[in-house]
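In: only the shape, not the letters, is given here:
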Ligand SMILES: CC(C)(COP(=O)(O)OP(=O)(O)OC[C@H]1O[C@@H](n2cnc3c(N)ncnc32)[C@H](O)[C@@H]1OP(=O)(O)O)[C@@H](O)C(=O)NCCC(=O)NCCS
């Protein structure tokens, strides 16, 4: 039942609504607890950084059904995001933490040191000369899907599949070799990814010490460009 679903890149006018839906649907994530203003700034920063995959799904009447974030070159994307919007994000986070002591404690305990190092790097990069562009990297080109979410009352009607198909198409258009994503081991979404042909590839631990299962989706197989995944049943 995907006929009435339109998938398209996120534009400015989508940001408030998509970031609010993200906070609602992925409320188990730390990101969703960082406050609405931070979340809007985060979406804007994501979309504005080069190499973003940022998609919304809208229904026949234009209603928002879901969203997906990812990147075709995650390392370059996050560096650009920090350089372009890091200061704004830090201010939003600090303001929210100032008014929410429980969140502030969680922020300091789980991410304080790492974020402080990030701020120091941000300040350092602003003071120093820009680094030379890296030489051609001959390793596999791996993109990432970081968030997929569908409105609760439209889950199970093909919207998630349509979003992921569009992310896979974006990965192919960017000539990537594969896409990866991680998901908490206890989340039902693992079954969804496996159903769509993503392969579980072991557990990873985030820098904030959270466990995730990693999934891979090959976009090219043995140089044939035909992918190495079992087709996702319909
Ligand atoms: C996970 C999520 C994105 C899936 O989107 P969705 O729109 O509900 O899924 P779809 O209807 O497109 O499902 C596509 C196919 O996957 C199957 N599927 C969906 N969830 C599944 C699951 N948990 N296990 C196995 N298969 C599943 C569907 O049956 C469907 O199969 P079919 O096309 O062969 O009939 C959505 O349910 C969601 O937003 N959940 C809450 C947020 C979340 O967990 N996000 C992922 C964070 S990592």
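Out: Sure thing, it's come through. On a predicted model such as this, the values are computed, not experimentally measured, just so you know.
In: list phi and psi for the residue nearest the centre of the chain.
Out: Residue closest to the mean C-alpha point of the chain, counted by C-alpha atoms, centre = their mean, is residue 146 at 2.8 Å. In terms of degrees, to the nearest 10, the main-chain angles of residue 146 are phi -110, psi -30.
In: distance of it from the ligand?
Out: Using C-beta to the nearest ligand atom, to the nearest Å, residue 146 is found at 9 Å from the ligand. In this view, the C-beta of every residue, glycine as well, is placed from N, C-alpha and C.
In: the chain should start at 785 in everything you say after this.
Out: Sounds good: first residue 785 from here, last item residue 930.
In: residue contacts, the closest residue to that residue other than its chain neighbours?
Out: In space, and not counting its chain neighbours, residue 930 is closest to residue 853: 5.1 Å by C-beta to C-beta, 6 or more residues apart in numbering. Residues counted as contacts of residue 853 (C-beta atoms under 8 Å, 6 or more residues apart in numbering) are 827, 830, 836, 837, 838, 839, 929, 930, 931.
In: is the ligand contacted by the helix or strand harbouring the fifth one?
Out: Following DSSP states H and E, one finds residue 838 within strand 836-842. No - residues of strand 836-842 are not located near the ligand by C-beta under 6 Å from any ligand atom, the shortest gap being 8.5 Å.
In: run the chain-centre distance for the worst-scoring helix or strand of the chain on mean pLDDT.
Out: Lowest mean confidence among the helices and strands of the chain (mean pLDDT, DSSP states H and E): helix 885-911, at a mean of 82. The chain centroid and the centroid of helix 885-911 are separated by 20 Å under C-alpha atoms, centre = their mean, to the nearest Å.
In: return the residues in contact with residue 855.
Out: Going by C-beta under 8 Å, 6+ apart, residue 855 touches 833, 835, 836, 837, 861, 862, 927, 928, 930.
In: repeat for residue 866
Out: For residue 866, the contacting residues are 902, 905, 906, by C-beta under 8 Å, 6+ apart.
In: can you report phi and psi for it?
Out: Phi and psi for residue 866, reported as degrees, to the nearest 10, are phi -70, psi -40.
In: likewise the one 4 residues further on?
Out: The phi and psi values for residue 870, taken as degrees, to the nearest 10, are phi -60, psi -40.
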